[in-house]
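[1] coords please:
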Amino acid sequence: HVQLVESGGGSVQAGGSLRISCVGSGFDFSGYQMGWLRQVPGNKRERVAGISSEGATRYTDSVKGRFTISKDNAKNTLYLQMNSLKPEDAGMYYCAADPDHYNGEVGIYNYWGQGTQVTVS
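    Below you'll find the predicted structure:
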């Protein structure tokens, strides 16, 4: 079955950097659409970055130029490099995956990790 396990979250000062990772198993990692979504209490989960199976990336406006999503298919690992972090970047970050290309384009994912917490002070 599909498993996604995030790691790398933590606490960082504003202006700092953090890289979070997600290891996938139980599915064709290279063929899936992947994404990172953020949730803060009281708000719905929002996609901050997505990457297609072909490697095309997309970002929400607030993180463009600061965050980079990437993946290593050989390691079944998805990354999110976060630079110039701001307090509003804080939240629970979830790795997500879906086999459907259209779902990936619009940010719909049927498989989720347990999340990793990012705190920016």
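[2] And the strands in this protein?
    3-7, 10-12, 18-25, 33-39, 46-51, 57-59, 67-72, 77-82, 91-98, 111-112, 116-120 (DSSP state E).
[3] Between its first and last residues, how far does stretch 103-111 reach?
    Start-to-end span of stretch 103-111 (CA to CA, to the nearest Å) is 12 Å.
[4] tell me the mean pLDDT for that stretch?
    Per-residue pLDDT over stretch 103-111 has a mean of 88.
[5] tell me how far it is from the chain's mean position?
    The gap between the average C-alpha position of stretch 103-111 and the chain average comes to 12 Å, counting by CA atoms, centre = their mean, to the nearest Å.
[6] So which residue is smack in the middle of the protein?
    If you average the C-alpha coordinates of the chain and look for the closest C-alpha using CA atoms, centre = their mean, you land on Trp36, 1.9 Å from that point.
[7] Just send the strands of the chain back as TSV, with distance to Glu105 too.
    All C-beta spots, glycine's among them, are computed from the backbone N, C-alpha and C. Rendered in TSV, the data for those read as follows (distance: least, CB to CB, whole Å):
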stretch	distance to Glu105
strand 3-7	19
strand 10-12	31
strand 18-25	19
strand 33-39	8
strand 46-51	8
strand 57-59	8
strand 67-72	14
strand 77-82	17
strand 91-98	10
strand 111-112	16
strand 116-120	25
